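# Build me a model from this:
(one chain, ligands or ions: 1)
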Amino acid sequence: MKTVTLSTLQAQKRAGETFSCLTAYDTTFAHAASDAGIEVLLVGDSLGMVLQGHTSTLPVTLDDIRYHTQCVARGKGNSLLMVDLPFMSNATTERLLQDAGELMRAGAEMIKVEGEAWMAEGIRELTRRGVPVCAHLGLTPQTVHQLGGYKVQGRDADQASRILEDARTLVDAGASVILLECVPASLGRAVTEALDVPVIGIGAGPDTDGQILVMHDILGVTRGRSPRFVKNFMAEAEDIPDAFRRYHDAVKTRRFPAEEHCF
Ligand code: KIV
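Residues are numbered from 1 along each chain as shown. All right, here's what the predicted structure looks like:
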């Protein structure tokens, strides 16, 4: 695989080619995912749940994310490295810039932020300073307590048009990528068609430009009930690298997500 940059993802969107994304938290798994052809690796704050055993992503600190970013950066190969800003990094624009700067210095190539239209100012300031931003909309796990749980978002027409409008506002502010989590497939399609920037989905249907899942979920090792949008690619794989290749291939050929994974 050639080095993946933001331009690669933009070209793939224009060509109607999907791309695969996966969370990664350490060097060895980052190497394996990159070798499998996975275009984007995300150091997600999901590490709070799958590595640290918390019940949400809220306890994850900037130091935690910085440490795992440094680990993944050493194994990312030619994949693009996206990194999550932790809870409350968006409390003020000053803190946002400071924290994003720390993560870029640690090896991030794109910063992911949760937040709705009100994040426009922060996104404008980041992009002005050369930091590519992915804006995460729909189910935003850092607001789980306000949302009342990990629930599908945008089911009714008003909510759906608000998410679409927020996406437009954040792209106008400079967001280079939108990530949509847990929304009906019809909304995933509408947002993808409405925007010129790549849209990554997780539980957002088959029509987004890219797909992302949490690594532990595709390896079938997550405890408890898996969300509907998850598929265990280890079930039929020979080994972990093979599971990564199967995931990548299923995304590229649009065999994943299937109807049973969508809302
Ligand atoms: O933290 C994470 O892993 C994420 C993905 C679920 C998109 O934000």
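# how about the helices in the stretch 1-150 of the chain?
Read by DSSP state H, counting those that start in this stretch, the stretch 1-150 of the chain holds these helices, from start to end of the chain: 6-15, 27-35, 47-50, 62-73, 93-106, 120-128, 144-147.
# which of the residues in the first one are buried?
Neighbour-count burial for helix 6-15, with 16 or more other CB atoms under 10 Å as criterion, is recorded at Leu6, Thr8, Leu9, Gln10, Gln12, Lys13. No exception for glycine: its C-beta is placed from N, CA and C like everyone else's.
# got it, and the last one?
Residues Val144 are the ones in helix 144-147 that count as buried (16+ other CB under 10 Å).
# okay, that helix in PDB with CA atoms only?
The C-alpha trace of helix 144-147 is given here as PDB (Å, rounded to 0.1, in the frame of the first residue of the first chain):
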ATOM      1  CA  VAL A 144     -23.100   9.100  26.900                       C
ATOM      2  CA  HIS A 145     -24.500  10.400  30.200                       C
ATOM      3  CA  GLN A 146     -26.400  13.200  28.400                       C
ATOM      4  CA  LEU A 147     -27.600  10.900  25.700                       C
END
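# if we take the buried residues of helix 6-15, which one ends up nearest to the ligand?
Closest approach between the buried residues of helix 6-15 and the ligand, by CB to the nearest ligand atom: Leu9, at 15.3 Å.
# What separation do you get for the closest one and Met82?
Using CB to CB, to the nearest Å, Leu9 is found at 10 Å from Met82.
# Up against the ligand, what does the stretch 151-263 of the chain have?
Residues of the stretch 151-263 of the chain lying close to the ligand (CB under 6 Å from any ligand atom) are Leu179, Glu181, Ile202, Ile212, Val214.
# and of these, the nearest to Ala36?
Closest approach to Ala36 among those (CB to CB): Ile212, at 14.3 Å.
# Check whether the closest one sits in a helix, strand or coil.
Of the three states, Ile212 takes strand under DSSP: H, G, I helix; E, B strand; the rest coil.
# neighbours of the nearest residue to it once chain neighbours are set aside, just the number please.
With CB to CB, 6 or more residues apart in numbering as the measure, Cys21 is the residue that lies nearest to Ile212, at 3.8 Å, once sequence neighbours are left out. Using other CB atoms under 10 Å, Cys21 is surrounded by 28 other residues.
# what sits against Cys21?
Ile38, Glu39, Val40, Leu41, Leu42, Met82, Ile200, Gly210, Gln211, Ile212 (CB atoms under 8 Å, 6 or more residues apart in numbering).
# how near is the fifth one to Asp239?
With distances defined as CB to CB, the gap from Leu42 to Asp239 amounts to 22 Å.
# Show me which of the two is the more surrounded one.
Leu42 (28 against 10).
# in the sheet, who's paired with the residue nearest to Ile212?
Beta bridges link Cys21 to Val40, Ile212 when assigned by DSSP bridges.
# any idea how far it is from the ligand?
As for Cys21, its distance to the ligand is 8 Å (criterion: CB to the nearest ligand atom, to the nearest Å).
# swap in Ala243?
Remark: distance between Ala243 and the ligand (CB to the nearest ligand atom) = 17 Å.
# Around the residue nearest to that residue when sequence neighbours are not counted, how many other residues sit close by?
In space, Ala243 comes closest to Ala237 once its chain neighbours are excluded; the distance is 3.8 Å by CB to CB, 6+ apart. By other CB under 10 Å, the residues close to Ala237 number 18.
# can you check His248 too?
Here the neighbour count serves as a burial measure; for His248 (other CB under 10 Å) it reads 23.
# List the contacts of it.
For His248, the set of contacting residues under the criterion of CB under 8 Å, 6+ apart consists of Ser20, Ala36, Gly37, Ile38.
# which residue does this protein bring closest to the ligand?
Closest point on the chain to the ligand, by CB to the nearest ligand atom, is Gly44, at 2.3 Å.
# I'd say that residue and Pro86 touch.
No: taking contact to mean CB atoms under 8 Å, the distance of 10.4 Å between Gly44 and Pro86 leaves them out of contact.
# Pairing-wise in the sheet, spell out the partners of Met110.
Taking DSSP bridges, one obtains Met82 as the residues bridged to Met110.
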